[in-house]
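Peer 1: generate a structure from the sequence data that follows.
(2 chains, ligands or ions: 1)
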Amino acid sequence: MDSDIRVELYRMMVLIRTYEEAILREYHADKQPVFDIGAGLVPGEMHLSAGQEPVAAGVCAHLGSGDAVTAPHRPHHVAIAHGVNLDAMTAEIFGRETGLGRGRGGHMHLFDPAAHFSCSGIIAEGMPAALGQAFAFQRRGTDRVAVAFAGEGAANQGAFHESLNLAALWKLPVVFVIEDNDWGISVPRSASTSVPSNGVRGAAYDIPGERVPDNSVEGVHQAAGRAVARARAGQGPSLIEVHTLRLWGHFEGDPQAYRDDLDGVPGRDPIPTYESTLTEAGLLDPERISKIHEDASVRVEQAISFAKDSPIPSGEQARDHVFAQEAHR
Amino acid sequence: MTATTSAPTTRRLTTARAMSEGIAQEMGRDEGVFVMGEDVGAYGGIFGSTGGLLEKFGATRVLDTPISETAFIGLGIGAAVEGMRPIVELMFADFFGVCMDQIYNHMAKIHFESGGKVRVPMVLTTAVGGGYSDGAQHSQCLWGTFAHLPGMKVVVPSNPADAKGLMISAIRDDSPVVYMFHKGVMGLPWMAKNPRATGPVPEEPYGVPIGEAAVVREGADVTVVTLSLSVHHTLDVAEEMSSRGVGVEVIDLRSLVPLDTATVLNSVHKTGRLVIVDEDYQSFGLSGEIAARVAEVDPRMLRAPLARVAVPDVPIPYARTLEQAVLPTRERITAAIDGVLSQ
Ligand SMILES: Cc1ncc(C[n+]2csc(CCOP(=O)(O)OP(=O)(O)O)c2C)c(N)n1
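Peer 2: Sure thing, here's the model as predicted:
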């Protein structure tokens, strides 16, 4: 694999992790000593993606800003890897007027039309939208593609199966990416899913399906490369499942008392693993590594400052934006 | 089945604990009762509604499901048709979109379509409400939507004692009952709460009749008809107003279907003034229904135009300032009562 791409994948994973660590810090900063989900500068549910960086980085490396991406309730890694405006996204998470959705949406509802990015808090319900975007790209004769991300829990939802069938039937340029982090909140995959790999579910709809078993960013990159190329070439949809890792709780404040796999988690963190691989390959050294972390940190803190310095929406405007105000043409 | 206690109850529980105690007592009494839903097992329900049940009754009667609401709610309906008494949890009412067909075309209509021959004795529990910045897909009440569709009873407890009693009544009811609990009344350790989220709960099993409202505070000047978390806010306001010499009568509807119109009318007849406080969307919903029931009987009961405090037909916004501007807060309730009294 191309050395620049390998370093780029690492850089992206570091940026995502740095971001999630900063949101973690900000989220909890003013929920001490007693955790109150509604308190603080960043209130509400918070689903962070630490451990799942390889999926977002590996897939989105094949996409341009003209390609569409839909994400679920755990969206930050995908948004960052797809180039969503980081300042505006952060401002949205802080509920500010400068946010992607002017503070109306929040962290599960990020919409960046410039990046053709959206997400939804309803499990699997972000997937059908990707079909529509792919349909529009196809009808307009472009080679743009749409990628729908979802957790393994979502693959047991009707919308997932309906989307696979319709995308296959109409040969839509879609890639379905299932992030299997072993857990749907407290329910282990083994208690929710009848098949060992969601990749096999592609066969039910006569589309290619595969599973990347090891959370390796390069494995994801290769699988996604095949799927995106197929879609761009007009050969229709593909399904990829990645066995990834939920490093933290389902949401912040999750006591994870149900979780029996926690002891094994630290050794599974994909970032140090990839860092060693690239160091052994001579592509990274301590100096380069700390520069990459430093750059990430500067960028992330800039976004956090932007958010914190942005105006809070006025209650007077709470009823705005329900309907479009101006005619489109 | 009504609440009769030998000694005054001093034991206090959170609403969440009261709910799960009611379920546990019915599970102990009736082998056919089982609990099913997402994270109802080891997690004990995301909002604590099924805490401790897995430990007590095991995984054959407390079942975690895949995220497949159509399938497992439909499964509940089928099991109920065969005489079991499922309690099925839809984690947030907001998620009804993915499974409403099973709920309103099947659960709610089978009894009618079968000419009364097939019963669906099922309880659908679901969390509702906002106030903690969970955004437009995790903060809605939507009880007006369920109550609008014929064939399901709808109960909405506001406090621990009612939560247990309504749960037991719902389980024993031979019709489907949608049991909607506001996250803000559950007494969760991780969410800001009103002190009324913890309260006295009798230890023995008892029922609170479905279809009976409660006058939770008497007053001569104005009637406030409300439900769920808004009852707590309204009681706070009523206390504050009594120090100004204003008597606010507060009615906790507790059930929407059937609706206890008589209790509402009696109170409005007495006070002549009406404010309806509803955390659901304003238009085409509960607040309009209450107004219509009054107007249908005798609009002259009202000595002043009524007022509604509801969510003004906008999705629930994320940012705190915006969300607080659309929810029925104490400030909005106070302003509405003052407005009605000034006319
Ligand atoms: C239709 C619907 N049902 C249930 C939920 C509640 N819920 C939110 S996240 C989640 C678990 C999702 O698991 P998975 O899809 O594997 O994604 P992960 O959280 O592991 O990233 C559930 C059940 C929801 N948001 N939407």
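
Peer 1: tell me how many other residues surround the closest residue to chain A within the stretch 1-150 of chain B.
Peer 2: Residue nearest to chain A within the stretch 1-150 of chain B (CB to the nearest CB): residue B:132, separated by 3.1 Å. C-beta coordinates here come from the backbone N, C-alpha and C atoms, glycine included. Other residues within reach of residue B:132, judged by other CB atoms under 10 Å in any protein chain shown, total 23.

Peer 1: what is the burial count for the closest residue to it other than its chain neighbours?
Peer 2: Excluding the flanking residues, the one nearest residue B:132 by CB to CB, 6 or more residues apart in numbering or on different chains is residue A:38, at 3.1 Å. Using other CB under 10 Å, residue A:38 is surrounded by 19 other residues.

Peer 1: verify the contact between residue A:38 and residue B:129 for me.
Peer 2: No. If you go by CB atoms under 8 Å, residue A:38 and residue B:129 don't touch, sitting 11.6 Å apart.

Peer 1: quick check: domain ranges of chain B?
Peer 2: B:12-200, B:214-341 (automatic domain parsing).

Peer 1: is any part of the longest one close to the ligand?
Peer 2: Think domain B:12-200. Yes. Judged by CB under 6 Å from any ligand atom, domain B:12-200 comes into contact with the ligand at B:38, B:67, B:69, B:91, B:95, B:98.

Peer 1: quick one: end-to-end distance for stretch A:32-43.
Peer 2: 13 Å (CA to CA, to the nearest Å).

Peer 1: whoops, I mixed them up, stretch A:92-112
Peer 2: Rule used - CA to CA; the end-to-end distance of stretch A:92-112 is 11 Å.

Peer 1: repeat that for stretch A:230-244.
Peer 2: Taking CA to CA as the criterion, the two ends of stretch A:230-244 lie 24 Å apart.

Peer 1: mind listing the strands for the stretch 151-300 of chain B?
Peer 2: B:153-155, B:177-182, B:198-200, B:214-217, B:222-226, B:248-252, B:255-257, B:274-281 (DSSP state E, counting those that start in this stretch).

Peer 1: quick one: closest of those to residue A:183.
Peer 2: strand B:177-182 (24.9 Å; CB to CB).

Peer 1: could you see whether chain A lies near the closest one?
Peer 2: No. Taking CB under 8 Å from any CB of the partner chain as the criterion, strand B:177-182 and chain A are apart, separated by no less than 13.4 Å.

Peer 1: how far away is the residue nearest in space to the middle of chain B from residue A:65?
Peer 2: In chain B, the C-alpha closest to the average C-alpha coordinate belongs to residue B:156, at a distance of 1.3 Å (CA atoms, centre = their mean). Residue B:156 is 46 Å from residue A:65, where distance means CB to CB, to the nearest Å.

Peer 1: spell out the residue ranges of the helices in the stretch 51-200 of chain A.
Peer 2: Ranges of helices in the stretch 51-200 of chain A, per DSSP state H, counting those that start in this stretch, are A:53-60, A:76-81, A:86-93, A:127-139, A:158-169.

Peer 1: equivalent analysis for the stretch 51-200 of chain B, please.
Peer 2: B:53-57, B:69-81, B:100, B:110-113, B:143-148, B:160-172.

Peer 1: out of those helices, which one sits most buried?
Peer 2: helix B:160-172 (a mean of 26; mean count of other CB atoms under 10 Å in any protein chain shown).

Peer 1: mean confidence for that helix?
Peer 2: Mean per-residue pLDDT for helix B:160-172: 98.

Peer 1: helices and strands around that helix, which ones?
Peer 2: strand B:12-14, helix B:15-29, strand B:123-128, strand B:153-155, strand B:177-182, strand B:198-200 (3 or more CB pairs under 8 Å, 6 or more residues apart in numbering or on different chains; DSSP states H and E).

Peer 1: now those as a markdown table including mean pLDDT?
Peer 2: Compiled in a markdown table, these are given as follows (pLDDT from 0 to 100):
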| stretch | mean pLDDT |
| --- | --- |
| strand B:12-14 | 98 |
| helix B:15-29 | 98 |
| strand B:123-128 | 99 |
| strand B:153-155 | 99 |
| strand B:177-182 | 99 |
| strand B:198-200 | 98 |
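
Peer 1: between these, which one is nearest to residue B:54?
Peer 2: helix B:15-29 (10.5 Å).

Peer 1: the closest one vs chain A: in contact?
Peer 2: No. Using CB under 8 Å from any CB, helix B:15-29 never reaches chain A; the gap is at least 14.8 Å.

Peer 1: between that helix and helix B:160-172, how big is the angle?
Peer 2: Using axes from the mean of the first three to the mean of the last three CA atoms, to 10 degrees, the inter-axis angle of helix B:15-29 relative to helix B:160-172 is 30 degrees.

Peer 1: next SSE after helix B:15-29?
Peer 2: strand B:33-37 (DSSP states H and E).

Peer 1: let me see the mean pLDDT of that next one.
Peer 2: 98.

Peer 1: pick the most buried one from the strands of the stretch 151-300 of chain B.
Peer 2: Greatest burial across the strands of the stretch 151-300 of chain B, using mean count of other CB under 10 Å, falls to strand B:222-226, with a mean of 30.

Peer 1: just the pLDDT for residue B:2.
Peer 2: pLDDT, residue B:2: 51.

Peer 1: go on, residue A:325?
Peer 2: pLDDT, residue A:325: 86.

Peer 1: who's in contact with it?
Peer 2: Neighbour list for residue A:325: empty [criterion: CB atoms under 8 Å, 6 or more residues apart in numbering or on different chains].

Peer 1: ok, what's across the strand from the residue of chain A found nearest the ligand?
Peer 2: Distances between chain A and the ligand by CB to the nearest ligand atom are smallest at residue A:151, namely 2.2 Å. Per DSSP bridges, the residues bridged to residue A:151 are residue A:179.

Peer 1: tell me how many other residues crowd the residue lying closest to residue B:172 once chain neighbours are set aside.
Peer 2: Closest residue to residue B:172 apart from its sequence neighbours, by CB to CB, 6+ apart: residue B:207 at 6.8 Å. Burial of residue B:207 is recorded as 19 neighbouring residues (other CB under 10 Å).

Peer 1: any idea how far chain B is from the residue positioned nearest the centre of chain A?
Peer 2: For chain A, the residue sitting closest to the mean C-alpha position, by CA atoms, centre = their mean, is residue A:78 at 2.7 Å. Using CB to the nearest CB, to the nearest Å, one gets 18 Å for the distance from residue A:78 to chain B.

Peer 1: residues in contact with that residue?
Peer 2: So residue A:78 contacts A:49, A:55, A:56, A:60, A:69, A:71, A:117, A:119, A:149 (CB under 8 Å, 6+ apart).

Peer 1: of all the strands of the stretch 151-300 of chain B, which one comes closest to residue B:80?
Peer 2: strand B:177-182 (11.0 Å).

Peer 1: what's the angle from that closest one to strand B:274-281?
Peer 2: Using the same axes, to 10 degrees: strand B:177-182 against strand B:274-281 is 90 degrees.

Peer 1: same for strand B:177-182, what does it pack against?
Peer 2: Against strand B:177-182 (3+ CB pairs under 8 Å, 6+ apart) you get strand B:123-128, helix B:143-148, strand B:153-155, helix B:160-172.

Peer 1: no further queries at this time; thank you.
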